[in-house]
Structure formats: C-alpha cells, structure tokens
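Chemist: kindly return the folded structure for what I paste below:
(chains A, B, C, D, E and F)
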Number of protein chains: 6
Amino acid sequence: MTVFVHERGLCESQNVGDGTRVWAFAHVLPGAQIGADCNICDHVFVENDVLVGDRVTIKSGVQLWDGVRLADDVFVGPNVTFTNDPFPRSKAYPASFPRTHVGQGASLGANATILPGLSIGRDAMVGAGAVVTKDVPPNAIVVGNPARIVGYVDAQAPRPATAGAAPGGEPSASHVAGVSLIRMTRVDDLRGSLVAADFDPDLPFLPRRFFTVFGVPSADVRGAHAHRVCEQLLVCVQGSVRAVVDDGEHLQEFVLDRPDFGLHVRPLIWGTQYRYSSDAVLLVLASHPYDAGDYIRDYDEFLRAVGAAPEGGAPGAP
Amino acid sequence: MTVFVHERGLCESQNVGDGTRVWAFAHVLPGAQIGADCNICDHVFVENDVLVGDRVTIKSGVQLWDGVRLADDVFVGPNVTFTNDPFPRSKAYPASFPRTHVGQGASLGANATILPGLSIGRDAMVGAGAVVTKDVPPNAIVVGNPARIVGYVDAQAPRPATAGAAPGGEPSASHVAGVSLIRMTRVDDLRGSLVAADFDPDLPFLPRRFFTVFGVPSADVRGAHAHRVCEQLLVCVQGSVRAVVDDGEHLQEFVLDRPDFGLHVRPLIWGTQYRYSSDAVLLVLASHPYDAGDYIRDYDEFLRAVGAAPEGGAPGAP
Amino acid sequence: MTVFVHERGLCESQNVGDGTRVWAFAHVLPGAQIGADCNICDHVFVENDVLVGDRVTIKSGVQLWDGVRLADDVFVGPNVTFTNDPFPRSKAYPASFPRTHVGQGASLGANATILPGLSIGRDAMVGAGAVVTKDVPPNAIVVGNPARIVGYVDAQAPRPATAGAAPGGEPSASHVAGVSLIRMTRVDDLRGSLVAADFDPDLPFLPRRFFTVFGVPSADVRGAHAHRVCEQLLVCVQGSVRAVVDDGEHLQEFVLDRPDFGLHVRPLIWGTQYRYSSDAVLLVLASHPYDAGDYIRDYDEFLRAVGAAPEGGAPGAP
Amino acid sequence: MTVFVHERGLCESQNVGDGTRVWAFAHVLPGAQIGADCNICDHVFVENDVLVGDRVTIKSGVQLWDGVRLADDVFVGPNVTFTNDPFPRSKAYPASFPRTHVGQGASLGANATILPGLSIGRDAMVGAGAVVTKDVPPNAIVVGNPARIVGYVDAQAPRPATAGAAPGGEPSASHVAGVSLIRMTRVDDLRGSLVAADFDPDLPFLPRRFFTVFGVPSADVRGAHAHRVCEQLLVCVQGSVRAVVDDGEHLQEFVLDRPDFGLHVRPLIWGTQYRYSSDAVLLVLASHPYDAGDYIRDYDEFLRAVGAAPEGGAPGAP
Amino acid sequence: MTVFVHERGLCESQNVGDGTRVWAFAHVLPGAQIGADCNICDHVFVENDVLVGDRVTIKSGVQLWDGVRLADDVFVGPNVTFTNDPFPRSKAYPASFPRTHVGQGASLGANATILPGLSIGRDAMVGAGAVVTKDVPPNAIVVGNPARIVGYVDAQAPRPATAGAAPGGEPSASHVAGVSLIRMTRVDDLRGSLVAADFDPDLPFLPRRFFTVFGVPSADVRGAHAHRVCEQLLVCVQGSVRAVVDDGEHLQEFVLDRPDFGLHVRPLIWGTQYRYSSDAVLLVLASHPYDAGDYIRDYDEFLRAVGAAPEGGAPGAP
Amino acid sequence: MTVFVHERGLCESQNVGDGTRVWAFAHVLPGAQIGADCNICDHVFVENDVLVGDRVTIKSGVQLWDGVRLADDVFVGPNVTFTNDPFPRSKAYPASFPRTHVGQGASLGANATILPGLSIGRDAMVGAGAVVTKDVPPNAIVVGNPARIVGYVDAQAPRPATAGAAPGGEPSASHVAGVSLIRMTRVDDLRGSLVAADFDPDLPFLPRRFFTVFGVPSADVRGAHAHRVCEQLLVCVQGSVRAVVDDGEHLQEFVLDRPDFGLHVRPLIWGTQYRYSSDAVLLVLASHPYDAGDYIRDYDEFLRAVGAAPEGGAPGAP
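Modeler: Predicted coordinates:
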C-alpha cells in the first residue's frame, strides 16, 4: 500500500487507502478508516470513529470528529468545522456521538460549520461560511447563517423557466422528459380574475385527489420525492414557489408564480419545491388516491428506478 | 275607482289603481301609471313616464322622474332621490332617459340616492343615506357612500356558519337542502400546512373542471347564478369569502376561511359569493366541463326552476 | 294662542305653542304637540305621535315621523331625514315605532339622515350630510357616512393641549378645574425607552386599582361618565387617544400620545375618551377599588351634581 | 314679462326673468332675483337674498337660502341641499350669511349637500349624494362623503395618456398645444435604476429654479394656475400624480408615474395636479426664478389671457 | 506535577495544572497559566497573557490570545476564534489588549467568533458559527451573525409557560419559588377590550411606583437583576416579551403576551426580560419607590444572596 | 537575509524578505514570495502561487492558497479563510485559480471568509466573522454573512453630519474642502410640502444635466468616482442615503435624508453613496453634460490627481 505521509505529518491509522497523502502537521488517529487517493492537507485532525471514502479532499484546518462519515469524492474546504455534540459542556460526554453523513460528491465550502447529526445529500454544495443547521437535500446549494437553500446544482445552468413571464410571452419549454407546462384560460377584469381549465382536453388526467400546500417557511423544502405511477398537476394559485424536476439525467427549475400555468409532472420524476413565498398556496391535483407505496423518497432508489445507477457502489460491494 | 286625493294634493293622472291615496302637496303628472293600494305621501312628485306597481309606499319628499319603474310592494323611504341623467347640464337633455328598475318587495331607505340606469333586485334593501352606484342583486343589503353589499336578507338571521371555527369545533350544518360542508384532512407542522382530500370517498364527485377566483375587489360580487346539472366544491384556499346559498326557500350564509373545508353545492342552488378578502383565492372544482346552457343567471327564472313561483306575475298577465 | 299658519300651510293640530309659525306647504297632523316660538318651514311634514319642545327650528323638506321627540332649542337643518322603521317593507308595520330623541340644544345639519331609535345628546352637532347610525353623546360633533365623532363642542375652541408636544415643550396647562397634566421621568437610549414615576411624591394618590383599555375601534367612545369620589391617572402607554374633560362649565380636550404624561382627573369631572388610534393602550390607575355607586353615567345628573343646573326644565315643570 | 307660475305655486318676487317657470308647491320669496328661462320645479323654496342667473334648472326638493349665488346655466339636481350657517343653533343667527357661489355651467348632482361659504367652479360636476366640504375647482368632478376630486370634465373623454406605459410603448401625444411629453434615458440593472437627461439637447430649456412637491394628501390639488412666461418640466420621480393641462380650449390629463418621462409645459397653459399617491414626489424644473407676477391664479383671467373669453359676461354688463 | 505533552506538541509554560494534556501540534507559550485537568487539543495555540481555569476543554484550531480569561469548566469548540484588537492593522498595536472573559461552565460552539473585550456569562451557550458582538448574559443561548439571544439554558427544558394560552386555558404554574402568574378580569366586546384589577385582594401589594418599558430592540435584554426587598408585577399590555425568572436553583421562562395576566415576582428572584416584540409595552408596578441600593446587578452576588454559592471560588482563594 | 523560522516551523521558500518570521507549525511552500518584516504565525499554510507584500501579519490558522495576493501592510486575522475555487469538487481543478487581491493596509477580521476572485480595497476593514461575497471598496467597513458595507474608515470618526437634523438645527459644516451643504426653502402645510431653490443665487451653478437614482438595493453602492471638471448638487428627495466625500486627505459622511438640503460637491472629490433606503430617490443636478472622460474611477488615480501620492509604490519600484 502506498500511502504518503509528510515527514511532519502523523498518521497512526493502518487503514488508509492506496494513493492517499497525509501532509505536514496533519494527524490521523489509529481508528480512522480512510479510502484511496484521498488528500489530507496540512493541519487536519482525524479522530478515531471516522470513515472517509475514496478520492476525498480535506483541506487545511479541518477536524473530522468521532461520528463523521464522508462518502466518496467529497470535498471539504479549508477550516470547515464539524461538530458532534449538540450541547457541549467541558468534561461532559454524550452516550454516543451523533453521526454526520456527507453524501457522494458533495462539497463543503471554506469555513462552513456543520451542526451535529446532519446529512448532506449527494452532490449538494454548502457555500463558504455557511452554518448548516438542517439536513441538506441532494443537489441543493445552501448559503448563509443559518444556511438556506438558494438553488439546485445544474438546475441553475439553464436560466429558470418562469411561469410568470409577461402575459403573451411563452415560458420556455421543459428540458426534462415527462414534464410540461400547461397554460390555462385566464380572464382578468375589474371584478377580479378567474382561471379555468377543463380536465378534458386541457388537462392531462382526471384528478382523484387534490391537496393544497401553504404556510411553508421560505427556508423549507416541501416535496423531494418521486412517484411510481401517480401524475400530478402543480398550480401555484397565490405567491410563488420554485419547482425543481429531475429525471435522473437532467434537472430543470421552474418558477411557478402564475395561477394560469400548471406544471404537469409524470411518474418517475424527482420533484422538489422550495423558496415558497410567504403567501404561497400550491394546489396539487393528483391522478390517483393516496398510496404510500407509490412514493420513492430515497434519491438513490430513484436513480436506480430510472436506470441511472449511482456511480459509487455501496460500501463493501465487490 | 276609489282613489283618494287630499284636498291640497294634485293628481292629474287617470291611471291610478283602486285604493291608492295621494296626500297633501303631492303632485302626480298625467302620464304616470300607478297601481292599486299605493300610498303617495305629502310632497311627492311623480313625472309622466313612470310605472308604479301595486301596494307601493312612497314617503314624503320623493320624486319619481321619467324612466322610473317600481314593481309591486316596493317601499321608497322619505327623501329618497332618484336620477335619470348621468351627466346633467341645465337645458341639455339626453335623447332618452335611462330606466331605473326597482324589483318586487325591495326597500329603499330614507334619503338614499339612486344613480341613473340601475336595477335594484327583488327584496333587496338599500340602507338609509346610501348612495347606490351599481346594480343591487336580489336580497342584497347595501349601505354607505358609495353603497357596498354588507349582507343578504334572511341569510343573516341564523348566525353565519363559519367554516373557520376553531379546529375541532364543527361548523354548524347547512339548513339549505343540497348544500353541505365537507371537512378535509389537514396537517400542520413546522414545515407548513397541507390539506388533502381523495375525491372518492371524501369528495362527492369527480371533477372535470377547476377554476380559481382571486383579486376580487371586496365590494364586488362573484357568482350569483345557479346550475341546472353541474355540482361544485368551493374551497377558499387563502383569505376568506362569504358564500350565500339559496334553494328558493331558505338562504344561508357561510364564511369560507379555511382551506380544509369545502362547500359542496348541488345543482339548482342559487349561489352568490361576496366580501372577498383582499388575499382571497377561491378554488372551485366542478363536476362538468363548462357549458353556458347550464347556467341560470336570472333569479326569477331560478325561482321558477325550483318551483318557487314569483309572487308577482308579469305585467299584463290575466 | 297666537300661532301663525301661512295661507298655503296646513296645521291640523290644536296643540301648538304660542308664537310658533307654520309656513307654506307645511303640514302638521292633528296629534302632533309642538311647543312655543317654533319655526316650521315650507314643505315640512309632521305626523301625529310627535313631540316638539320650545324654540325649535325645522327647516324645509323635513318630515317628523311618529316617534320623533325633539327637546327645546333643537335645530333641524333642511332635508334632514328621520326614520322610524329599521327594516321597512311596504305595508308592513312594526308593532310600535322606535323613538328618536334629540336632546336640548342639539343641531342636525342639512340633509343628515338619522336611523331609527337613536338618541342625539344635548348640544351635540350632526354634520351636514351625515348618516347617523349610533347614539351621539352630549356635545359630540359627528360627520360622515356612517357618522363618526370628530370632536366635541367648545372643547375645540382652545386648541387641544397635546401631551405629545416636542420633548422639552411644556403642554399647555389645563383650563378645567380638577384636571392636571403630570410629567414623568422618561429615559430613551439604544436599548429602548423607560418611563417611571414614584406615586409619592410624583403622583397624586396611591392606586388601589388599575385597568387597561385597548382594541377600541377608532369610531368608538370609551368613558363618558364622572366619578363621585374616585380620582384617576390616565396614561396612554401606546398610540394615542383624545380625552375630553368637562367640569360642567368648561370643556378641554387633551391628546394623550406620550407614555411620559399622565392626566390626573379628580372627582366630579365628566370624562370622555375617543379617537383611539388602532394601537392605543390606555392605562388607568384609580384611587379606589371598583364601586358601581361611584359612577355618574347621566350627563344631566352630573350637571346637577356640580351645581350647573340644566337650562331646560323637565317637561311639565311650571 | 312672461313668467309662468303654476296655480299651486307661489312666486312673491317681481324680479324674475322672461320665460322662467315656477311649478306647483314651489315658493319664491319677494327679495329673490331670478334670471330668464329658468325652471323652478315643484317643492322648491327660494329665500330672499338669492341671485340666480339665466337658464338655470332647479329640480324638486331644493331650497336656495339667503346667500346662495347661482351663475348662468347651473343645474341643481333634486333634493340638493344648500346651507348657510356653519354651526347652526336654533334661534341663533350669524351676523351675515356666508355666500355660496356656483360657477357658470356647473352641475350639482341629486341629493348632494353643499356646506356653507363654498365656491363651485365653472363647469364643475358634483356627483349625486356628494357632501361638498371644500371649494371645487373649475371643471373638477367630485364624489363621495366628504367629496373628493376624481377627475376633470372633458379631460377624461380621451383616455388619459399615461406616462407609465409599458417600457417601449410610446405614451400618446399631447392634444394640448404647448404641452409635450419628453422621454429621458433610463438604465435599470441589478444595482438599481438611473434616469438621466442633458438639458441641451434633450430638454427644452435651462433650468433656473427647481422645486419638489411631496406629502400631498391624495384628496388635495396642487397647482391650478398658469404662468405668463415661465415654462416647466414636471417629472414624477416617485409614485404617481395626475396632471391636467388646459389651453383654454382643450383639456388633457396625463398620469405621471415614471421617472423617465417629463411633461414639458409652456407658458399660458392652465395646469392642475391631483391624485398624488401617498409616496409621490414631483420634481419641477422651471425656466425662470420665482416671480409672483408671473402667476395667473384666476381661471377667468386665464381664459381672457388666452383669448377664450368667458361665455357669460360680468354681472351688470349690457 | 503530571502534565501530558504529546511528542509533537510544544508546551513552554511551567504553569500548567495537574492532569492537563497538551496534544500534537499544540503550542503553549511560556507566560500562559493553565489549570488542572484541561485538554489542549491538536493545533491549539496559547499566547502568554492567558489564564485558563480547571477542567477546561480547548478543541483543535483554537488560539487563545493575550487577554483571554477562561474560568473553570469552559468548553471551547473547534476553530473557535478569539480576538483582542477591535480595529487591527498590521504592525499597529493597542496600548493594552482588551480582555475577554468566559464565565464558569460556559460553552463556545464550533467555529464561533468572539469579538474583543466581551464577557460571556456563566453557563452561557454560544451556538456553532455564531459571531458574538455583545456581552452574553449568564445562562443565555446565542446564535447567528451577529449573535442574538434565542433562549436560556434550562429555562427551556420545561416548555415555556405562556401567559397567552387560549382564553380559558390556565397557564402552567410557576416552578420557581417566589413567582406566580395572576389572572385579572378581562372584558372584550365590540367597543374594545378592558382589563381591570383591584390591588386588594386581586393583586399582592400596593404599588408605590410604576414604569413602562417599550421600544426595546428585539435583540436586546432589559432587566437582568434581582431586588432585595421590592416586589413587582409585570404586565405586558401590548405585544409580547419573554420573562425568565431564576431563584438560584431553577429557571423558568414565561411568555407574557396577554394584558390580563401579570407575573408577580417577589424579592431575591433574578429576572431577565428579552425577545420584546417590536410593539411590546411592559408595565411594571413596584411595591417600593426607586432605591438604587435595592438592586443586585451581579449574578454571582445574587447567588451568594440566595445561598447558592458559586461552585468555583475566586482565583487565589484558599 | 535574516529570516526567522521556528524550529517546529517549515519554510521551503527562498523568496522571503528580511526580518520576516515563520512560527511553529507554519508551512511555506517553495514557490511563495513573501516580503520583509512579515509575521507568519503558528499553523499558517502558504501555497506556491502566492505573493505577500512587506509588513504583513498573518495570524494563526490561515491558509494562503494559490492565487492569493496580499499588498503591503495587510493584516489577516486568525482563522481567516481564503478560497480559490467557486465550485469546488474533489479532484476537479479549474484551468486557473481566480486571484484574490487584498489592497494596501487592509484588515481582514478574525474568522472571516473570502470568496474566490474578489478584491478587497485599500485600507478596507472586514469585520470578524464576515463572509465576503463581493468586492469591497477602498476604506469600506463590511460585516455579516453575507457581508454588507456598514461604514467607511475615518468617515465615522467625526459623527456623521446629518442633513436631517431637526428643523432649525443646522447640520454640522463640512470638513472636506470643496463640499458644502446648502439649505433650500421648505414650506410644509396641510396641502403637503414643497421645497424650492433658485439656482442663482441659492445654488452654485446652472445645471446642464440631471439624473435620478432609485431602486438601489440597500447593500449596494452607487457612485464611487470623482469628476475632473463637473460639479454636482445631490438632493435626496425621498428616503435616505449616505454620501461619503473624500478629498484625498479627509473623509466625511453625510446622511442625506431631507429634500431641503443639497450636498454641493465640487470637482476632484471622491464621492460614494451607499445605504440607500428602500424608497430612496437621489436627484443629482450636474454642471456639465455627460462626458465619460471627466470621470476618475480608480481610487489610486484619484489620489495622484489630488497630489496625495499613494504610500506604497508599484511592485518592482526601487
């Protein structure tokens, strides 16, 4: 096994993968398990009950405390600070340390602070200086103190298609298979406004269920799941909300802010809604009654369902 | 024909019904047609192109100008002021005078002002001192300058059933046949709120159309019609709105202000919505696609459809 | 008895006081009782169950319906419109007509509308065009549709002493015996503000009761009574309120809008508070526990208690 | 002189013009002076110190009290109520009655109330039921209780040219000679917005004075004058305001609600600004320093200055 | 003396207590004084003018600069950053460094930043990532950038007793001896609301002083002291405020948000008020006139006064 | 060359200036270039592509990554965290690293985070714990996450002269040559407010250009340049804005928050406007038409123009 340890570094673990480097003034305790091709920079400290995947970068000034779990390809920026005790007092130790999970490919920005017991989703990106106090969904971008979701990775690359274009302007079409924007009839006059749609032929299915979502704090996410069979029509009848749709290959983000546009989402699309305005009311019409078994709530399971196998296998896989 | 005219009164018309009295300092011009059992009080003036039904009371200080039409049983309070020229200038006369219609049984409060060309609906009640600038629907109560609808006759008698009772408190049942309140599942937590309903079995029909109504000025009325076949579920997903339902015999008013209550309205119910709060969003799910022929927009026609024949026949009926 | 009736006027009552004049096209029914030195102008109509005091002026276009009671010295402006049926329908009569009382010396402005069953207090002034829907307190000035209190007669003549003068500026002293403004210590800094007072020696009595008044609609009046023994300190700790104090001879109005000024009101002062701002919180510290017998709630009784005998005797007095 | 008086009418004045008619139950006192071709309808009362011009219409139920002055061509709707005592008390009379002036061609809507001592400008229009508490400028339209200006006669006929058209849309040109809209450069980006103009060549004069107007209650009018020499550029840099310009022949109304449009007003244009939004800030750049003599503040004087001689001559003209 | 120093650590001070450990890459300068049983983790740096008590934990990546004072049992999380120059410039040094005091048992969360010259109170808890810019009171919990008080340690454990429970619901009783909630009479009707209390028997003492507190920024604390003799009644007459009471053994937090509940606080209770809503007005009635000598403003002095001797003696105590 | 390296420090670069010290556990890579008299504290890491000027202080826990450039006299507080990859992913490297420039004399507070590719201006001061996401102008003080400008160095020392002093109170005079506050006539009455000024003699020049600035996000800066010839009058006609003026020697800050005060700025004054309130509208009248060549946008160029040579020479100067 070729592990490089700088002469001023200190690696006490025997469980370090091939090609991994440990630099000056870094210190790895005996119990730590570290994968291959990792980079442990100067002034890093790694405690015992720590698991690190392959190809992980840990920049200077970082400590990995007992309970930290980093999947493959994680980037940990300089001075990122992990924690493992929600109410620390000197000489008082919890029975067990809460675990921190950082998903495959995630990136933790410089000087970010991660509170104990959280999960950072696959490919998520934590902004520099963020103080993360809640779980971060897959692909989400979070910044600030406390950290808030401000976007989704890749979804932002093409400019968000807004449902709220000026009347007459067609919102840009969907780039995600299985998702389309449907425009309904809208009548505005001095007596107020009315939006109407016949399900046949305007709308793509007969609803058997509806629900409304409202009062969502702007920092929270509602949704974040896929359906196996059910299809949905999302209409933001008040305020605005951002809807991210993901078919496993492409993401796209829609700003829903007009009551006369509906977002039709077919099955096997991972959907997330976030950045609800304070007055947002989201109406969802669904093609099927409620069925808990129809929900896919785990992103990796979703990727398998659509045939986009996760790149990193399960630990221990051959 | 026994018409009583006070010795200081002046009745030049021959077309006055039996039992009608004309009091001191009142003056009826020759062309006026006045029904039976009317009371024309002191200081009233009636011009020529005027039709007055039976059992009408006209209190002192009122003038009925050319173009005024009063149905049976109308009450006109003291100093009520009619008009027949929207932009009066001295010695400038419109080609024809706009007509003012006051429906059967309506009551115009003391010193009210009625702008030209308006219709006051059957049994409507105009408050004392009101300045009426728009049509008044049947049964509506209006007050103020300009006049606004503040209620509906009879609907107010039983206290309005509010959908927005405290959680756990059951709103009072409907007294109007064909109307019921349906409670849906509501889940509130720190992430916001969600209301959900399966159409089967929670809701009474499968929707084939939905529409949302919003941005309604608080003084305006939306609705005011009945359906022959279509049934509807009304859910106020934001803000509040008052819904008056009327089966031709009973009226009832519901305050819709909770997203987890729906008002199920079967066919042949006259429905009116008013007092929209500024942020109100009313969701309507309908059992049928849009069909103009399904709408009954005339209240008298509605009364005939439900077998509640209007008490006053058409003019000229035998 | 020297009653003047114009040759085109019509007075059927025998119960009209000395010196009263009835002008052209006016009509007084037989049952009406009218005092001395009144002026019944052209086009006035007076029904039977009507009592009118002495020295009353009734301008043209006015009707006095059954149930109207006018005390001495009342002024009724042109086209003022009384009512006596809250829900009038043609040919439907209430069992008895609600009474309208207009107090001594009150003035009803031109074209005002008075809803049924109300009392207009002594010396009150109803503005032209007002639509009066609630009782009007003694001395109050009301305008608008619906009518709101905007001031008090005489209280306005000296400019209101505002408690909220610029810091350093002394509010003008009280002109009403038994009333004084007390300034308390106020400290403002970046941490907020604090007002403090020691009851001895700063404040004039030791409190044995306190109460707070809040949430008062701006159109409403709270107070309007005097105490026989109890004294009070009024402090508006939030928002603003107007306090009128009246010793039977002089009125004065104070704008209370600073938490560091208290209005000390000794016994036998008629106090009224009105024009509460929407956020007003009025703190009252009282020198005695609650005692219903200590309240004087009738203004005439108050005038007797302070020795300011009402000018108009009771009806039937010699 | 051919004056028609109905047999039940009563005209005691000898000072009534040719062709004027006095109808039933109307009463004109001896001192009144009434012009030619007037129409005095049933139940009107005219006191002594009253001047009425030619071609005036006075509908039923109106009283003209001492002090009322009506110019030629005035229309007085039914039950319009004049007043001549600001604080009426029975049997208490002011030393002299305040005068009410109604300008040539003005129209007073049905049941309006006019407070004492006011002037209603030439061609102004008072809405039905309005309670007029302040002077009404020439051409203004007022409604409500209290009455507010809601528009200007004729100015409204062509739809108001709004400066606030959608970016790219050119506001309609001016129909009033001497007035033009000037568009300035506007740059909006994420850092905010900037509007810029060079006076040469973009703007029509070099300013020697500027002023800003703000905090105007929405019911108030600022302006209402013409300049003899000075020209002005009006820019609404915040909020919105309506500007009426009048060259003596045509009126036009502009909604100024964009900081990148300026209204250039040359001399001898009568300008009025009204309906200031609560946040409106109007910037005026003027071509000359302040000179009181440059202002024309009387509308009739303005009409003479532009050679549009008022149609009605001065009283006493041959 | 048994001090453990890792072979890669560097401890130049002779003034380190028994049982203290200094780990790899840590560096303690000669002048530092460190107590017993401390843990100085990897990559810590300790300057000369530093005092550290017993049983203190200093996690990795922390520097203790000249002027830092840590009492016994303090916890300093990883990458916590102290400062000792309010306006640092390279090569420019203040005459003396401001001192930072961290009280006994306090906990500084991971990656927190502490500005110079501050005191962190006993048992206070600074959240991870917080930037502390003001003194932190004893027991307070602070988070955010800048850090705000969000609660008090232990006070939160039992759910806060809210005075604002639904009408009818009794707020939970006090767990702190000497503190009780008193309910007063409240009357709500359409005219507004009134709360009243007689001091005898409703209230526990006759007030000799009152003060009102308002305009407190939500991030600020008012109070934080105890009285030796004076007792108080706290009533939040507008808005809401949180009151923490502490008898030296137990803490309890009350949300005061109803004008009809008063918090009666007897002598020798440490009281703190915080989280004032922007409209909060707190009325305090006190049993005694103001006496500066009655205030205990130091928490340790308070603990001694109630016989709860602080666990850690003064430095240098035998 | 006398470079001090602690025995536990590691300096691999040969390019370190005279008098510079490298302390324990610090690590400088071979490619780094470091000036004279610097202080590289414990636990610092310096990568290869790094340039550091003279007299720079780098406190513990800091890493200087490839691309970082620090000018002379910079202070880098403890645990300050630099970055050089806007979207870091493990094992994915940008083609080149964005550069971070920190200007002469700037100070980076403890634990601040600096996002990649930014410039921190000369003498700017970054607060402890700040997360810097945008360029920081010269002299600016920034704090928070994300960092906002809260003031300017030195400008704050004399208390800001506010234009919005109480009426009658004269704002303090300008300490910067070439800048003066001009007071204009202001008239406030019930009809609103008006501010007026004649350019001659009240105002110092005849304007040939005007512009308005509005809608500026409060965190943004507008201005930050000097003119060679043009002079300007700044009037904040709505809201408030802070204007910093700088003649190369002295800075002064004015709070412009009154429409009746104008700030007259002569040529060769560096002017910056910031902290725009959300409703701010800044009117600028300029003495010359727009001319791009008249602008000086580089602060060092400005200092040379006013003869205040920057203290630090260009790199490579002898």
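
Chemist: and the residue of the stretch 1-150 of chain A closest to chain C?
Modeler: Per CB to the nearest CB, A:Asn145 is where the stretch 1-150 of chain A lies closest to chain C, at 23.7 Å. Any C-beta I mention is one placed from the backbone N, CA and C, and that applies to glycine too.

Chemist: just give the number of residues close to that residue.
Modeler: By the measure other CB atoms under 10 Å in any protein chain shown, the count of residues near A:Asn145 is 27.

Chemist: how about the contacts made by it?
Modeler: Listed by CB atoms under 8 Å, 6 or more residues apart in numbering or on different chains, the contact set of A:Asn145 reads A:Gly129, A:Ala130, A:Val131, E:Gly129, E:Val131, E:Gly144, E:Asn145, F:Val131, F:Asn145.

Chemist: doesn't the fourth one fall inside a helix?
Modeler: Pointing back at E:Gly129 there. No: using DSSP: H, G, I helix; E, B strand; the rest coil, the assignment for E:Gly129 is coil, not a helix.

Chemist: picking that back up, from the contacts of A:Asn145, which single one is nearest E:Val281?
Modeler: Taking CB to CB as the measure, E:Val281 lies nearest E:Gly144 of the contacts of A:Asn145, at 26.2 Å.

Chemist: what count of nearby residues applies to that closest one?
Modeler: Counted by other CB under 10 Å, the residues lying close to E:Gly144 total 18.

Chemist: check it and give its pLDDT.
Modeler: We have a pLDDT of 94 for E:Gly144.

Chemist: is it true that it touches A:Pro146?
Modeler: Yes: with contact defined as CB atoms under 8 Å, E:Gly144 and A:Pro146 form a contacting pair (7.3 Å).

Chemist: re earlier: please name the nearest non-neighbouring residue to the residue of the stretch 1-150 of chain A closest to chain C.
Modeler: With CB to CB, 6 or more residues apart in numbering or on different chains as the criterion, A:Asn145 has its nearest non-adjacent residue at 4.1 Å, and that residue is A:Val131.

Chemist: who is the one you found paired with across the strands?
Modeler: The bridge-partner assignment for A:Val131, based on DSSP bridges, gives A:Thr113.

Chemist: which residues touch it?
Modeler: A:Val131 neighbours (CB under 8 Å, 6+ apart): A:Ala112, A:Thr113, A:Leu115, A:Gly144, A:Asn145, A:Pro146, A:Ala147, E:Asn111, E:Ala128, E:Gly129, E:Asn145, F:Asn145.

Chemist: which residues of the stretch 151-300 of chain A lie near chain B?
Modeler: A:188, A:190-200, A:206-217, A:220, A:222, A:235, A:237-238, A:259, A:276, A:279, A:281, A:283, A:285, A:289-290 (CB under 8 Å from any CB of the partner chain).

Chemist: pull the distance from the helix or strand in which A:Val237 is found to the chain's centre.
Modeler: Using DSSP states H and E, A:Val237 maps to strand A:232-238. Chain-centre distance of strand A:232-238: 22 Å, with CA atoms, centre = their mean, to the nearest Å.

Chemist: ditto for stretch A:77-87
Modeler: Computed by CA atoms, centre = their mean, the separation of stretch A:77-87 from the middle of its chain amounts to 20 Å.

Chemist: what's the burial count for A:Phe210?
Modeler: Counted with other CB under 10 Å, A:Phe210 comes out at 25.

Chemist: sec struct for the nearest residue to it once chain neighbours are set aside, please.
Modeler: With sequence-adjacent residues excluded and distances taken as CB to CB, 6+ apart, A:Phe210 is closest to A:Leu285, at 4.9 Å. Here A:Leu285 is recorded as strand under three-state DSSP.

Chemist: before we move on, back to that, name the SS class of the residue of the stretch 1-150 of chain A closest to chain C, please.
Modeler: Of the three states, A:Asn145 takes coil under three-state DSSP.

Chemist: now do the one 5 residues further on
Modeler: Classification of A:Val150 by three-state DSSP places it in strand.

Chemist: pull the number of nearby residues for A:Gly307.
Modeler: 9.

Chemist: looks to me like it is in a strand.
Modeler: No: assessed by three-state DSSP, A:Gly307 does not belong to a strand; its assignment is coil.

Chemist: residues contacting it?
Modeler: A:Gly307 makes contacts with A:Gly248, as judged by CB under 8 Å, 6+ apart.

Chemist: how does it look with 7 Å?
Modeler: Going by CB atoms under 7 Å, 6 or more residues apart in numbering or on different chains, A:Gly307 touches no other residue.

Chemist: gap between it and A:Gly271?
Modeler: 18 Å (CB to CB, to the nearest Å).

Chemist: thinking again about what came up before, now tabulate the contacts of A:Val131 in CSV and tack on distance to D:Val265.
Modeler: As requested, the contacts of A:Val131 are arranged in CSV below (distance: CB to CB, whole Å):
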residue, distance to D:Val265
A:Ala112, 60
A:Thr113, 61
A:Leu115, 64
A:Gly144, 51
A:Asn145, 54
A:Pro146, 55
A:Ala147, 55
E:Asn111, 63
E:Ala128, 63
E:Gly129, 59
E:Asn145, 53
F:Asn145, 51
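
Chemist: could you single out the nearest of those residues to chain D?
Modeler: When those are ranked by distance to chain D (CB to the nearest CB), A:Gly144 comes first, at 19.0 Å.

Chemist: give me the number of residues near A:Gly19?
Modeler: Neighbour count for A:Gly19, taken as other CB under 10 Å: 16.

Chemist: actually A:Phe87, not the one I typed
Modeler: With other CB under 10 Å as criterion, A:Phe87 counts 13.

Chemist: could you do A:Asp291 as well?
Modeler: A:Asp291, neighbours per other CB under 10 Å, totals 13.

Chemist: same thing with A:Asp247?
Modeler: 21.

Chemist: right, and it touches A:Ile269 too?
Modeler: Yes: counting by CB atoms under 7 Å, A:Asp247 touches A:Ile269, with 5.8 Å between them.

Chemist: any common contacting residues for the two?
Modeler: With CB under 7 Å, 6+ apart, A:Asp247 and A:Ile269 have common neighbours A:Val176, A:Gly178.

Chemist: can you pull the contacts of A:Val74?
Modeler: Contacts of A:Val74 were listed using CB under 7 Å, 6+ apart, and they are A:Gly53, A:Val56, A:Val102, A:Ala106, F:Ser90.
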